[in-house]
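Trainee: Fold the stuff below for me.
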Amino acid sequence: MDILKKFVHKDHFAHHIGVEMLEYDRGRARARMTIGKQHLNSAGTVHGGAIFSLADAVFSVASNSHGTLAMAINVSISFFKAVTTGTLTAEAEEVSLNPKLATYLITVKDENGSRIALFQGTVYRKKDTLAEVLK
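Mentor: Residues are numbered from 1 along each chain as shown. This next block holds a predicted model:
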């Protein structure tokens, strides 16, 4: 898990937008993002790209948690509810794991536990290990 911790700390974009990784283990991850002015769109609601980026961050950690470099090949997101303030939490769950492909479902919720978005992603699992990539 030390290599995964290093992987999490190297995600400069996630840190830049305020994603805080709360926990992670094989095939799963959970993170939060406190909504700030920088996350809002012109309508005053959280920008879809901010929500997507939070979900993508836990997708990345969960899919790379087995120590094999995993790269997204397909993702989709459905938005259910607009949010303007508070904290969002994203949780990734591994649905399928094969030698070459893996699929994950990520649920994004507001601080009241209401579903904000559902993200689905599939990764291609490369031959490279995280240790090789993070040298």
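
Trainee: what's the single longest strand in this structure?
Mentor: strand 115-129 (DSSP state E).

Trainee: Check which helices and strands the very next helix or strand once past that strand sits against.
Mentor: As assigned by DSSP states H and E, the chain's next helix or strand after strand 115-129 is helix 130-133. Here helix 130-133 touches helix 2-9, strand 68-79, going by 3 or more C-beta pairs under 8 Å, 6 or more residues apart in numbering; DSSP states H and E. Using the backbone N, CA and C atoms, a C-beta is placed for each residue, glycine as well.

Trainee: still on that earlier bit, check the offset of the longest strand of the chain from the chain's centre.
Mentor: 8 Å (C-alpha atoms, centre = their mean, to the nearest Å).

Trainee: In it, which of the residues would be classed as buried?
Mentor: Buried residues in strand 115-129, defined by neighbour count with 16 or more other C-beta atoms under 10 Å: Ile116, Ala117, Phe119, Gln120, Gly121, Thr122, Val123, Arg125.

Trainee: go on, stretch 89-108?
Mentor: 89-92, 94, 97, 102-108.

Trainee: And stretch 38-47, by the same measure?
Mentor: His39, Leu40, Thr45, Val46.

Trainee: Looking at those, which is nearest Asp2?
Mentor: His39 (31.2 Å; C-beta to C-beta).

Trainee: Quick check: the closest one vs Phe119, distance?
Mentor: The gap separating His39 from Phe119 is 16 Å, by C-beta to C-beta, to the nearest Å.

Trainee: follow-up on the earlier one: who's in contact with the longest strand of the chain?
Mentor: Residues outside strand 115-129 that contact it (C-beta atoms under 8 Å, 6 or more residues apart in numbering): 51-52, 55-56, 59, 63, 66-81, 83, 88, 90, 98-110.
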